[in-house]
Structures are given as structure tokens and as C-alpha cells.
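Trainee: Sequence and predicted structure below; questions after.
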Amino acid sequence: MGDATSGGEDQHAGPPEPARPAQRPARLVLYAGCVFVVLGAAVLYLGYNGMATNELPPAQAPYLISGGLTGLALLLLGGMALFLYAVLQAQSDLRRDLRQIRGAVEDLAEGLAAATSPAPGSASANGTVMIARGARSYHRPECQLLERAQGVRPAAPDDAALAGLTPCRVCRP
Ligand SMILES: [Zn+2]
């Protein structure tokens, strides 16, 4: 068969698509399915042809029947291979869609994280700060020093600055 040795399939494939890992094996399955279907049809055709033209002596009936069964089996194999090809193709498309969705979700998560968690040094831009009762400094809400403080209340950073408090040297709000 010359089909197996034709390695130039990729040269006339046009502009290269983005990488699809399942494409090459899927194509092999497609070729195998076509070959099986054609072979099965040919065997069936030859079998029926032989039955129609010959007088069908009883001694040859087993051969014709087995030939027909072989043709049917080849057709079945080809059909299964074509079905497998369709499944592989759908799976490849699904995988690509999933990759895109995952990328979009990651982008979304990064955007959310950037929007909600304060960047170092810019916490007082929009977030609240925490003030302990009697303290002279204000903190980020997650500051370690607040764990031992009492009477902690949130405040807007502008209020804390107006109250004459200084930013904590540990968390640097
Ligand atoms: Zn602090």
C-alpha cells in the first residue's frame, strides 16, 4: 500500500493551525477506517458477485459465506474506526475549548485578585486600615500586631492620617 509511506501530508495543509495533539493519530484512525470500509465493501461485492455468477456448488458455499462474514467484519471495523475518529475529533475540540476557558478563568482570577488585594505600598489608596484603641499607629487589617491589640476598629486611611496617627512600620499600610 502506498498510503502508509506518504509523508507529505503536512505540506499542502495550508496555513499551520494551532497545535492540536490528537490530530495525527485521529487522522490515522480516519485513514484506517476508510481502508477497512473500502476493503469490506470490496470483499462483500466480490462475494455477492461470485454467488450471482457461479452456479454455487455446495462445496463452495462455506468459502462464500466466510467471505461475506469477512466483508461484514471489515465494514464493522471501518465503522468503528470512523466512529473513533469522530470521538477523537470531538475530544480534541473539547480540549481546546477547555484550555481557552481555563485561560479566561485564570485571567479573571488574576483580575479579581489584583482588584481586591492591595498591592504593597498602595493599601491606603482605597482599602480600610485598622486602628487599635489607644494606639498611635494604624495597620493593614492582616497585620500581626493587631492580633494582640484590643479595641480594633476599621477606619478610612484619610481619617487615620487626619487623626495624627502614623502608619505601622511592620505592615506599612
Ligand atoms: Zn501593622
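Mentor: The structure has been received and is ready for your questions.
Trainee: Rounded mean pLDDT for stretch 32-42, please.
Mentor: Regarding stretch 32-42, the rounded mean pLDDT is 88.
Trainee: is it fair to say R133 lies in a helix?
Mentor: No: R133 is assigned coil when assessed by DSSP: H, G, I helix; E, B strand; the rest coil, not a helix.
Trainee: residues near it, how many?
Mentor: Residues near R133, counting by other CB atoms under 10 Å, number 9. Every C-beta, even on glycine, is put in place using the N, C-alpha and C of the backbone.
Trainee: I figured it hits G151, correct?
Mentor: Yes: assessed by CB atoms under 8 Å, R133 is found in contact with G151 at 2.8 Å.
Trainee: Show me how this protein divides into domains.
Mentor: The record's domain split for the chain, according to automatic domain parsing, is 21-116, 123-167.
Trainee: now, of those, which is deepest in the fold?
Mentor: domain 123-167 (a mean of 15; mean count of other CB atoms under 10 Å).
Trainee: any residue of that domain up close to the ion?
Mentor: Yes: Domain 123-167 reaches the ion (CB under 5 Å from the ion) through 139, 143, 145.
Trainee: How about the last one, nearest residue that isn't a chain neighbour?
Mentor: Meaning L145. Closest residue in space to L145, ignoring its immediate chain neighbours: V170 at 5.7 Å, by CB to CB, 6 or more residues apart in numbering.
Trainee: do the same with the second one
Mentor: Setting aside the residues directly before and after it, C143 is nearest to C171 in space (CB to CB, 6+ apart), at 3.8 Å.
Trainee: and that neighbour, how many neighbours?
Mentor: By other CB under 10 Å, the residues close to C171 number 20.
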